[in-house]
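Participant: What follows is a predicted structure for the sequence shown.
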2 protein chains.
Amino acid sequence: MSTSVADQFTVVAATGGATAPKGFAAAGLHCGIKAKAGALDLGILAADTAVPAAGIFTTNLAQAAPVTVSKRHLETNQGLVRAIVVNSGCANACTGTVGMSDAGQMAAETAAQLGCQPNQVLVASTGVIGVNLKMDKLVPGIRAAASALDRDNGGILARAIMTTDPFPKEHAVTVKTARGTFTVGGTAKGSGMIEPNMATMLGFLATDAKVSSALLQRALRESAAGTFNAITVDGDGSTNDCVFALASGASGVEIDDELYPALLAGFYEVSRELAVGIVRGGEGATKLITIAVKDARTAADAMRVAKTIANSPLVKTAVHGADPNWGRIVAAAGRSGVMFDVDRATVRVGGILLFENGLPHDDNAPKAAEHLKQKDVSIDVDLGTGGGGDATVWTCDLTAEYVKINGEYRT
Amino acid sequence: MSTSVADQFTVVAATGGATAPKGFAAAGLHCGIKAKAGALDLGILAADTAVPAAGIFTTNLAQAAPVTVSKRHLETNQGLVRAIVVNSGCANACTGTVGMSDAGQMAAETAAQLGCQPNQVLVASTGVIGVNLKMDKLVPGIRAAASALDRDNGGILARAIMTTDPFPKEHAVTVKTARGTFTVGGTAKGSGMIEPNMATMLGFLATDAKVSSALLQRALRESAAGTFNAITVDGDGSTNDCVFALASGASGVEIDDELYPALLAGFYEVSRELAVGIVRGGEGATKLITIAVKDARTAADAMRVAKTIANSPLVKTAVHGADPNWGRIVAAAGRSGVMFDVDRATVRVGGILLFENGLPHDDNAPKAAEHLKQKDVSIDVDLGTGGGGDATVWTCDLTAEYVKINGEYRT
């Protein structure tokens, strides 16, 4: 009997964020994109040298200039990236040819400061859309940030990418393997609303494992599927969403097919923590809702059911009101477009059985209502198809505060 | 050059609702399903004799007993129906075998009173789910209602099917053709919340045109596609949704292929008015939003884009706040899964151009904001694909009141 791969490594939480792995430095400062004095609005995450990199991007057809530019750079730089430059306060989206030129200039200026090729810099922006970047503020800002790069600045970077996120988000883990220990760290920003426009999700992961850009891309894509792509605040995807990963190799631990599960586990753990942090900081959110769907015909079916429940305003408002409304959960699953037999499905809230064999367990409702008064709540749906497809999604409740943030901020 | 069919008939608004066409009678009363004394909770719409009928039903996998029973009846009654019996206050959904038996008994009792076969009665319920019908109240109620049937009671029926709808909804039109005049009338209930559960949409149409059940089914399906199926309050579909149509033939105007467009126009006009009424009465709604998407590759694509915009919480809250946020509209269209070129799309709010050639027209924003302060507002998106696919969807704004109704009614 062979030892399972899972036995060969352990994942342990560590302090810090994107600069917790060796071989990275960061900077964050106020350059003047945000009007408020001192509000951090520019950051750089840099590797000590050009390193393997990966990226995933919004699937929205409306893509901001920095998304287009970063995609092009990853296509032409042989997967080697020296730095990520990011600004908050302006999304540089729906800005036409000027916006493309500005995003290119952000990369070029960063490259000039760090001594690399422009296409070895990835660009990200978040904030107001339909407004041009203030390049007269940004260029001197990039110069100042490049000269302030320091391994201790991970926390400043986490704050520099915030818009109206209620708190900064960073996380790191060490992964101990038979061939040595490596670190994965990262930072993210979530669904904060900036002035008159839309939310953006940005995530930056770093590791000191030695990984090819191809394997790094696979780890990023596979970990994001169950983390960054398994959260939803309101179902609205942005023009600017992107997650980047850089691998410095500074730990000396080389990731091959055998060690890949260890890398994936580290990526998954950091990404999950950041993704859940985005939901906790969702607009107007008061509760984190973990929705686990089990035994769909396929994992994709399970994800579709989980997301339909997660995006149901009726479910989200019921949870907000601590109402164990299994009927809304069943109805959301039923309209998801996924086939299952309602009479074989079960619904649990906080582990408490509320629906089985097509009938409610109303006697359990008071206990489930108590559970929903907590800040972390769970909904479990078993579809009973025999297919074994599972998925977990995280979302938040829908509150009057969400409506106020998104509809009434001009009044 | 031939005269177009459109020239051969005119559609004129008439008074009344489901009993405006000849050959129908209705009743409505309080039998005791709703606790509040005098609250109407039971209704019957009856034809003078068994007549051609049609029905469309929720696509939700979780279907209430009355939906299952009514489907079976339409499959076995050769398309001939004498009456619709409907209760409000209890959805008879997720009630297992008892619920099926109760729904069957509703039909059987109505049939016994009217002297027809049980499968010539259609059944509809709306209200709390997971609760059994009080048959001891309902059976005497059905007897009383059957003996109170009267052509003047259309308005009472409209009130008897309400849950928390803010107003009753009924409409009628006369259609004048070269071969005579016929009438189409109807009533509907919308997205009102009843005690601890979900919204249901019910619609009942009647006409005194002479139509086969097959052609009636076609008219119902085709008119619903652009009306009842083109509205959304929150994207949540119910276990109980259904729309029925009955055709008495009492006008003597026989609908063949040539006159079909006249029937369809009458159905469309009544259905549109009722559907828009449902949206106006949507939970917490303060504005009716008409979203027209033009020049998608196909009409189905246009509908998908329009519904994604209509269900976007960010769009709905922006409209509530009178914020002409074209960015949220573009982003919703962009994530709809429909292919188009963002740089060829235009966005107008209240007819005012806000987005074109990938760039905003910010100078027009104040005029658009003024438009959004009205109660009836419009969003027009032209995707510029050259495909010519158009669709219109109606929705309402998302307000703090919606959250309160759906999340805080137990407090």
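Facilitator: Nice, thanks for sending it over.

Participant: From chain B, how far out is the residue lying farthest from the centre of chain A?
Facilitator: For chain A, the residue at maximal distance from the C-alpha centroid (Cα atoms, centre = their mean) is residue A:363, at 38.7 Å. Noted for residue A:363: a distance of 12 Å to chain B, by Cβ to the nearest Cβ, to the nearest Å. Placement of C-beta: from N, CA and C, glycine included.

Participant: cool, and residue A:105?
Facilitator: Taking Cβ to the nearest Cβ, one finds residue A:105 at 19 Å from chain B.

Participant: Setting the sequence-adjacent residues aside, check what's closest to that residue.
Facilitator: residue A:135 (6.4 Å; Cβ to Cβ, 6 or more residues apart in numbering or on different chains).

Participant: wait, the one you found sits on residue A:108?
Facilitator: No: at 11.3 Å, residue A:135 and residue A:108 do not qualify as touching, with contact defined as Cβ atoms under 8 Å.

Participant: Point out the other helices and strands that the longest helix seen in chain A packs with.
Facilitator: Scanning chain A for the helix with the most residues, using DSSP state H, yields helix A:260-280. Helix A:260-280 is packed against strand A:9-14, strand A:169-177, strand A:180-189, strand A:202-207, helix A:213-225, strand A:231-232, strand A:288-296, strand A:389-396, with contacts defined by 3 or more Cβ pairs under 8 Å, 6 or more residues apart in numbering or on different chains; DSSP states H and E.

Participant: Return the most buried member of these.
Facilitator: Greatest average neighbour count among the helices and strands packed on helix A:260-280 goes to strand A:202-207 (a mean of 30), per mean count of other Cβ atoms under 10 Å in any protein chain shown.

Participant: Provide the contact partners of it at residue level.
Facilitator: Applying Cβ atoms under 8 Å, 6 or more residues apart in numbering or on different chains, the external contacts of strand A:202-207 come out as A:18-21, A:24, A:45, A:47, A:84, A:86, A:124, A:126, A:157, A:161, A:182-189, A:220, A:228, A:240-248, A:251, A:263, A:266-267, A:270-271, A:274.

Participant: how far away is the residue nearest to residue A:105 from chain B?
Facilitator: From residue A:135 to chain B the distance is 18 Å (Cβ to the nearest Cβ).

Participant: same question, residue A:187
Facilitator: Counting by Cβ to the nearest Cβ, the gap from residue A:187 to chain B is 24 Å.

Participant: go on, residue A:343?
Facilitator: 8 Å.

Participant: mind exporting stretch A:260-271 as PDB, just the C-alpha atoms?
Facilitator: C-alpha atoms of stretch A:260-271 as PDB (Å, rounded to 0.1, in the frame of the first residue of the first chain):
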ATOM      1  CA  TYR A 260       2.300  19.600  -7.000                       C
ATOM      2  CA  PRO A 261      -0.400  18.600  -4.500                       C
ATOM      3  CA  ALA A 262       1.600  20.400  -1.800                       C
ATOM      4  CA  LEU A 263       1.700  23.600  -3.900                       C
ATOM      5  CA  LEU A 264      -2.000  23.300  -4.700                       C
ATOM      6  CA  ALA A 265      -2.800  22.900  -1.000                       C
ATOM      7  CA  GLY A 266      -0.800  26.000  -0.100                       C
ATOM      8  CA  PHE A 267      -2.400  28.000  -2.900                       C
ATOM      9  CA  TYR A 268      -5.800  26.700  -1.900                       C
ATOM     10  CA  GLU A 269      -5.400  27.600   1.800                       C
ATOM     11  CA  VAL A 270      -4.200  31.100   1.100                       C
ATOM     12  CA  SER A 271      -6.800  31.700  -1.600                       C
END
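
Participant: Now name the helix or strand holding the closest residue to residue A:133 other than its chain neighbours.
Facilitator: Using Cβ to Cβ, 6+ apart and skipping residues adjacent in sequence, the residue nearest residue A:133 is residue A:102, 4.6 Å away. Per DSSP states H and E, residue A:102 falls inside helix A:96-114.

Participant: Might you enumerate the residues of the stretch 1-150 of chain A proximal to chain B?
Facilitator: Within the stretch 1-150 of chain A, the positions adjacent to chain B are A:59-63, A:93-96, A:129-130 by Cβ under 8 Å from any Cβ of the partner chain.

Participant: Kindly spell out which helices and strands sit in contact with the helix or strand in which residue A:377 is found.
Facilitator: Taking DSSP H and E as the criterion, residue A:377 maps to strand A:376-382. Counting contacts by 3+ Cβ pairs under 8 Å, 6+ apart, strand A:376-382 is packed against strand A:288-296, helix A:299-310, helix A:313-320, helix A:326-334, strand A:346-349.

Participant: Let me see the mean pLDDT of it.
Facilitator: What strand A:376-382 shows for mean pLDDT is 98.

Participant: Tell me which residues of it come out buried.
Facilitator: By neighbour count with 16 or more other Cβ atoms under 10 Å in any protein chain shown, strand A:376-382 contains the buried residues A:377-382.

Participant: related to what we said a few turns ago, burial measure for the residue nearest to residue A:105, as a count.
Facilitator: Per other Cβ atoms under 10 Å in any protein chain shown, the neighbour tally for residue A:135 reads 16.

Participant: follow-up on the earlier one: pretty sure the residue farthest from the centre of chain A sits in a helix.
Facilitator: Yes: applying DSSP: H, G, I helix; E, B strand; the rest coil, one finds residue A:363 inside a helix.

Participant: From residue B:10, how far out is it?
Facilitator: 60 Å (Cβ to Cβ, to the nearest Å).

Participant: could you give the angle of the longest strand seen in chain A to helix A:96-114?
Facilitator: Of all segments of type strand in chain A, defined using DSSP state E, the longest is strand A:42-57. Between strand A:42-57 and helix A:96-114, the angle comes out at 120 degrees (axes from the mean of the first three to the mean of the last three Cα atoms, to 10 degrees).

Participant: Direction included, what does strand A:42-57 pair against?
Facilitator: strand A:24-29 (antiparallel), strand A:80-90 (antiparallel), strand A:242-247 (antiparallel) (DSSP bridges).

Participant: can you redo the ones you listed as CSV with mean pLDDT, distance to residue B:391 and mean neighbour count?
Facilitator: Listed next are these as CSV, based on pLDDT from 0 to 100; distance: least, Cβ to Cβ, whole Å; neighbours: other Cβ atoms under 10 Å in any protein chain shown:
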stretch, mean pLDDT, distance to residue B:391, mean neighbour count
strand A:24-29, 98, 46, 24
strand A:80-90, 97, 34, 27
strand A:242-247, 96, 31, 29
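
Participant: can you tell which of those is closest to residue A:372?
Facilitator: Set against residue A:372 and scored by Cβ to Cβ, the strands paired with strand A:42-57 come closest in strand A:242-247, at 31.4 Å.
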